[in-house]
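Colleague: Need coordinates for the below:
(one chain, ligands or ions: 3)
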Amino acid sequence: MTAFRPAERPAMAAGSPLLSVEDLVVRFRTHDGTVYAVNGITFAVAERETLGLVGESGCGKSVTSLAIMRLLAKPAGRIEGGRVVFEGRDLVALRDDEVRDLRGRELAMIFQDPMTSLNPVLTIEEQLVETLQAHRRITKEKARSRALELLAMVGIPQPENRLRAYPHQFSGGMRQRVMIAMALALEPRLLIADEPTTALDVTIQAQVLELIKDLTAKTGTAVILITHDLGVVAGMTQRVNVMYAGFIVETGSTTAIFERPSHPYTVGLLHSIPRLDESEDGDLIPIEGTPPNQRQAPVGCPFAPRCAWREARCWTDNPAIVALSAGEAIVRTGPNATHQIACHNPPTADEAAAGRPLRRGFRAAPAPGGSAHDALDGLDTPAGIGALESASVAESLGSGPGGSSAGPPLESFRPEADA
Ligand SMILES: Nc1ncnc2c1ncn2[C@@H]1O[C@H](COP(=O)(O)OP(=O)(O)OP(=O)(O)O)[C@@H](O)[C@H]1O
Ligand code: SF4
Ligand SMILES: [Mg+2]
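Modeller: Ligands and ions are numbered 1, 2, ... in the order given. I've put the predicted structure just below:
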C-alpha cells in the first residue's frame with residue numbers, strides 16, 4: 001500500500017499508549033429513564049495492537065466504540081465521566097470540528113451493516129474521492145487513482161468498472177470490502193471494527209477478517225475488534241476485554257484469557273460455545289438467565305444473578321477490577337499486559353475447566369429478600385454437583401483473587417493461532 005500517512009502527526013510521550021480510555025461512563029437519558037450503558041471502564045490500546053471486545057448483546061461494546069468516536073446518539077447519549085485520550089489529546093474535551101477532522105484521518109470505524117455508513121445515492125467513486133479530499137489536499141484525479149488503488153487493495157475485481165457503481169450494486173461481502181477501503185483510505189492509526197462480519201456468510205467472513213488483519217498489519221493500524229465470536233477473538237487479537245453490563249470484568253492477553261479464564265462470566269462464555277476439539281466431558285453449558293436491565297443503576301456484582309460462584313457480598317458489593325495475581329503491577333498494553341478480573345470469588349483453574357464450582361458443600365448465596373432476580377433459583381445449581389475428589393481441587397480451595405493463577409492451562413480453550 002502506498003505510504004499515505006501525513007508527516008505532521010502529534011508526537012506522543014514515549015511509552016504512552018495510542019488510546020487510553022479512563023473510567024469512561026456513558027448514559028442515555030431517555031423518556032423512559034436512564035440507561036446505564038457503560039459504567040466506568042478503563043483500558044488502553046498501544047500502537048499496532050489488536051484488542052478484542054467481547055460480551056453478550058447489550059453489554060456496551062458499541063456504545064464504548066461510539067463514545068470513543070464521539071458518535072453517540074444525541075441528545076440522549078452522553079459521556080458523563082472519564083477521559084478518552086488519543087494521541088495525547090482528550091477526545092471528550094475536543095470541539096466537534098476537531099473530532100470530525102480526526103475521524104477518518106486518524107480514527108476510523110467499520111460498522112456491522114455497511115449500508116448504514118455508505119451513502120446509497122452516491123457512487124463508490126464519489127464517496128471515496130470525497131473522503132480523501134476532505135482530509136488531504138489532493139486533486140480529484142489523484143483522489144480517483146487512489147480510490148482505484150484502494151478497491152484493488154481490498155480485492156474488488158475490475159475496480160475500474162466497479163468504481164462507478166452504487167452500494168446496492170455490490171454483494172454484502174463486497175460492500176464490506178468497500179467499507180474497509182474507506183476506513184483504511186487515510187491509513188488511520190486506530191480502526192474500530194464493530195462486528196464487521198456478522199451479516200456475511202461464513203466463508204466470506206473469514207476472507208474479510210483476513211483482509212482486515214493483513215491490511216492493518218501493513219498500515220501499522222491498531223485495531224479494536226468487537227465480536228460475539230470467541231473463535232474470531234482467538235485468531236485475530238492479541239488482547240481481550242470481556243464486557244458485562246457496561247463493565248470490563250476480565251482483561252488480559254488472548255492467550256491468558258483462553259488458557260486461564262478467571263471470571264465466572266468468561267468461564268461461562270467459553271463453556272457455552274461449541275469447540276472443534278470437543279472431548280467427551282466437553283458438554284456445552286449455557287449461561288442461565290439474561291443480562292441485567294441496564295435501566296437500573298447497578299447494585300452489587302452485575303453477574304450475581306447468574307453466577308454459581310457468588311457469595312453473599314456479591315449481591316451488594318461490586319468488585320473492582322484488579323490483577324489476578326494479588327499485588328502485581330498493572331501493565332495495560334502489550335504482550336505482558338496484566339491479567340485482571342473483577343470478582344470476589346474467582347473459579348479455580350479446575351473449576352474453570354469444569355465450568356462449575358467444585359468445592360464440596362459450596363452453594364451460590366441466595367438473593368437477599370427473595371429470588372426475583374436469581375437466574376439460578378429453582379435450578380439444580382451446578383455448585384457442588386459432582387464435586388471432584390481430586391487433590392488439585394482441594395489444594396486450590398480458599399484461594400482468593402489471584403491465588404489461583406498457578407492452575408494448569410486449559411488446553412481445550414487454547415487459541416487457534418497466535419495473532
Ligand atoms: N440510542 C440509544 N438509546 C438508549 N439506549 C441505548 C442506545 N444505544 C444503546 N443503548 C443501550 O446501551 C446498552 C449498551 O448497548 P450496546 O449497543 O453498546 O450493546 P452491544 O454490546 O454493542 O450489543 P450488541 O452485541 O447487540 O451489538 C444497551 O442497554 C442498549 O439498549
Ligand atoms: S463470584 Fe461474585 S463477584 Fe465474582 S462474578 Fe460471581 S457474583 Fe460476581
Ligand atoms: Mg453492538
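Colleague: Test my guess that residue 173 contacts residue 208.
Modeller: Yes. Look at residue 173 against residue 208 with CB atoms under 8 Å: they come within range, at 6.4 Å. Every residue, glycine included, has its C-beta placed from N, CA and C.
Colleague: Any idea how far apart the tips of stretch 338-353 sit?
Modeller: Separation of the first and last residues of stretch 338-353 by CA to CA, to the nearest Å is 21 Å.
Colleague: neighbour-wise, which of residue 173 and residue 208 wins?
Modeller: In this view residue 173 and residue 208 are compared by other CB atoms under 10 Å, and residue 208 has more residues nearby, 24 against 18.
Colleague: So the closest residue to residue 315 other than its chain neighbours: helix, strand or coil?
Modeller: Leaving out its chain neighbours, the residue that sits closest to residue 315 by CB to CB, 6 or more residues apart in numbering is residue 300, at 4.6 Å. Assigned by DSSP: H, G, I helix; E, B strand; the rest coil, the conformation of residue 300 is coil.
Colleague: what's around residue 300, how many residues?
Modeller: With other CB under 10 Å as criterion, residue 300 counts 20.
Colleague: Could you pick out the residues of the stretch 251-400 of the chain near ligand 1 for me?
Modeller: For the stretch 251-400 of the chain, the residues in contact with ligand 1 (CB under 6 Å from any ligand atom) are residue 294.
Colleague: Common neighbours of residue 173 and residue 208, please.
Modeller: residue 200 (CB atoms under 8 Å, 6 or more residues apart in numbering).
Colleague: coming back round to it: residue contacts, the residue nearest to residue 315?
Modeller: So residue 300 contacts 314, 315, 316, 317, 318 (CB under 8 Å, 6+ apart).
Colleague: export these to JSON lines and tack on pLDDT?
Modeller: Output for the contacts of residue 300, formatted as JSON lines (pLDDT from 0 to 100):
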{"residue": "314", "pLDDT": "97"}
{"residue": "315", "pLDDT": "95"}
{"residue": "316", "pLDDT": "96"}
{"residue": "317", "pLDDT": "97"}
{"residue": "318", "pLDDT": "97"}
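Colleague: Check those residues and tell me the two furthest apart.
Modeller: Farthest apart among those by CB to CB are 315 and 318. That separation is 9.9 Å.
Colleague: Can you pull the residues that touch both of those two?
Modeller: Counting by CB under 8 Å, 6+ apart, the residues touching both residue 315 and residue 318 are 299, 300, 301.
Colleague: This structure: strands as residue ranges?
Modeller: Listed in chain order, the strands of the chain (DSSP state E) span 19-30, 33-45, 50-54, 77-86, 89-90, 107-110, 190-194, 222-226, 239-244, 247-253, 322-323, 340-341.
Colleague: Next, count neighbours for residue 75.
Modeller: 8.
Colleague: contacts for stretch 180-187?
Modeller: In contact with stretch 180-187 (CB under 8 Å, 6+ apart) are residues 1, 3-5, 104-105, 108-110, 117-118, 127-128, 131-132, 135-136, 146-147, 150-151, 153-154, 156, 191, 196, 208, 211-212, 215-216, 219-221.
Colleague: And the residue of the stretch 151-300 of the chain closest to ligand 2?
Modeller: residue 264 (4.3 Å; CB to the nearest ligand atom).
Colleague: Quick check, that residue in contact with residue 344.
Modeller: No. Counting by CB under 8 Å, residue 264 stays clear of residue 344, with 10.2 Å between them.
Colleague: Show me which of the two is the more surrounded one.
Modeller: Between residue 264 and residue 344, counting by other CB under 10 Å, residue 264 is the more crowded of the two (32 against 19).
Colleague: For the more buried one, give me its contacts.
Modeller: Here residue 264 is in contact with 303, 307, 308, 309, 343, 346, 347 (CB under 8 Å, 6+ apart).
Colleague: OK, now which residue of the stretch 1-150 of the chain is nearest to ligand 2?
Modeller: residue 55 (13.5 Å).
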